[in-house]
Structures are given as structure tokens and as C-alpha cells.
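**Student:** Sequence first, then the predicted structure:
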Amino acid sequence: MRIRATVAAVTGALALSAFAVPAAQATGSDSHNPVDTLKALHAATSGKSAFTGSTPADTGTPYALDAKFGNVRINGGKPIVAGISGKVTAPVTFTVTHGAGVDVTADDTELDLIIYRGAFNDPTNILVGDDWPTCTNTSATVASCKGTIDILPGEELYNADATTWKALGYVIDWNDVDPYTDDDIDWTKVGYAEGDALATTKLQRLSKLTVNAAPEPVKKGSTITVTGSLTRANWDTAKYTGYSGVYAQLQFRKKNSTTYSTVKSVKTTSTGGLKTTVKASVDGYYRWSFVGTTSAPAVKAAGDFIDVK
């Protein structure tokens, strides 16, 4: 996984974060490494390395940069839904209001917005974008920015991650200081601003729903058995597993209608199974509909046609 981290709040002139990440894990693309950046800032502020506890040779403390995040919107305000594989990309937009002497579009300014779950001083998981956000100055003191949160569910998520996440943003003005230099860094020349709990978003486990109505065709007045299965992404096992103990609605629409009506509600079995019976009356389509929960989104099965003789 790219990010599976521990964050510790530290004291000092600024509220900085230290992200301890296993060396085998990547952090975004090669040119986008916010975790290592924040780790270095923590070391500068606390006077000790986040990994070793040793005092770094670099001196000074970053000064408070005049910059503030606002209007943060993640995935258009909708939950982020992820399956068990591939990559999920959620758009992020925000503004940065800053002093007239701050240019967030400058080459030596670093800016990012990430999401995390858990406590600020001890988060359970952190997710970032593959690339840096891009910003456009809309005035001398306001920039409009957009970026992404890129998620590899098969590598980065556990079932417990299907909950509410918080957004954290930061801006660093390096002021021509080279963060990659082998020489000691004078942190007093570096400006830093951070905003926590800027917005929230929910992560949900993708739902899937099937339906089968039988027999086909069927005589009018005979019994139709409608079965189905409700599953959701299991991020712990990288499989889709049955969603037990929740209700789905059996719905029906006549052959020449476009509107479904609910026939009855049925509770899923321990394996996510659905089964019920109805009497055949007219040609039409049966489907299962699930309204969703906080951890899994709503889903509807495609209608299964029944020909009534």
C-alpha cells in the first residue's frame, strides 16, 4: 500500500504532523511525497527525527505562513465508493486565502490536501493524490485549487475504513531553500501553514445485487420464486462477500410501464441471500432494490422479465 501511517501531533510554533511510513510503501508518485515532507517539517519543529528520535543537524523552526484553506469539497460532496481492485479517483477542490506576499503557484511553494481517519494525533489511515493539486490565482490574495485523492482499494483499504474521513491541508513556502540539499537546512527561512478538519467525506464498500425470477414462462396464478444475492466489497479479503441482516425490497413493473413499485421487503440471510414467492398475474419485470447503509451504497438489480401465460 502507498499509505498506512501513524500521525503524531507535536508542539512548537506550528501544529505539524509526523507521518511514520514503512520504507517499502510509496507515497503518491515519485515527485509527490507529502508524507516525507511533513516528516521533515516535524523534525524541524520538534527538534527530533520522527523515526530515530535523534536531533537533526538542520536548525531553526519554520515560521507561520499567512495562508488559510477554505471551500473544501471532496468528490462533489458524495461518498467515495470503492470496489476491491483498480484505482478510484475522487476529485478535490478548495481555495487558499493568503497574504499578498504569498504565491501558492510559485515553483518553490508546496501545497497539498490529504484525507485521514481517526484522531488527528493518532490517525488509523491516510490517503493522498498521485499528483500535486494545481492552483490558479483568482486575485492577489485568493487561489482556486483542484486535485484528487487516488485510492488503490486492494492495497490501501480495510473494512473499518468504510466510515467518515477528515481533510487536512498544508502549504509550504520554501523561499528558495532546497529541501533536497545535502547541506543543513535553515528552517527559519521556510514558511508553513496547516488546516485540519477542513471537510469530511465517507468511504463506502461497493454493493452488488442480483435477481432471478422463475419459472419462465409461468401460468397465471402460479407461484413465482424470486431469488437474489446482495454482496459488498470486502477490503480485508479482496473479495465480494454477502451482506447479511439488511433489508432489500422486491419491486415489480408491468411490461409496458417504466415505474417500479415495491411488493415486499425481505431480509438477507447470513450469506447475503434473498428469496421470496409471489403469484403470477401479468407480464413484467422483477428486481431487488437496496437503499444502502452508511458503509455500502444503494444498488438496484437489473429487472428479470417474467412471461405470464
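**Tutor:** Noted; the coordinates are in hand.
**Student:** Give me the below-cutoff pLDDT ranges for the stretch 51-200 of the chain.
**Tutor:** For the stretch 51-200 of the chain, residues meeting the criterion pLDDT under 70 lie at 51-59, 182.
**Student:** Helices along that one, start to end?
**Tutor:** Listed in chain order, the helices found in the stretch 51-200 of the chain under DSSP state H, counting those that start in this stretch are 153-156.
**Student:** and residue 81, what are its bridge partners?
**Tutor:** Beta-bridge pairing for residue 81 (DSSP bridges): residue 204.
**Student:** Confirm for me that it is in contact with residue 206.
**Tutor:** Yes: under the contact definition of C-beta atoms under 8 Å, residue 81 touches residue 206, with a separation of 5.4 Å. (Glycine included, C-beta is placed from N, CA and C.)
**Student:** Spit out the contact partners of residue 109.
**Tutor:** Residue 109 makes contacts with 102, 103, 171, 172, 173, 174, as judged by C-beta atoms under 8 Å, 6 or more residues apart in numbering.
**Student:** repeat that for 6 Å
**Tutor:** When contacts are counted by C-beta atoms under 6 Å, 6 or more residues apart in numbering, residue 109 is found next to residue 173.
**Student:** Who does it form a beta bridge with?
**Tutor:** Under the criterion used (DSSP bridges), residue 109 bridges to residue 173.
**Student:** from now on call the first residue 44
**Tutor:** Taking 44 as the first residue, the last one we looked at is residue 152.
**Student:** and it, how far is that from residue 235?
**Tutor:** For residue 152, the distance to residue 235 equals 11 Å [C-beta to C-beta, to the nearest Å].
**Student:** now do residue 260
**Tutor:** Using C-beta to C-beta, one gets 71 Å for the distance from residue 260 to residue 235.
**Student:** Of those two, give the one with the bigger neighbour count.
**Tutor:** Each of residue 260 and residue 235 has its neighbours counted (other C-beta atoms under 10 Å); residue 235 has more, 25 against 12.
**Student:** Quick one: distance of stretch 122-129 to the chain centre.
**Tutor:** Stretch 122-129 has its average C-alpha position 9 Å from the chain's average C-alpha position, going by C-alpha atoms, centre = their mean, to the nearest Å.
**Student:** residues near residue 269, how many?
**Tutor:** Using other C-beta under 10 Å, residue 269 is surrounded by 23 other residues.
**Student:** For it, give me its contacts.
**Tutor:** The neighbourhood of residue 269, defined by C-beta under 6 Å, 6+ apart, consists of 256, 293, 319, 329.
**Student:** Understood, closing this out.
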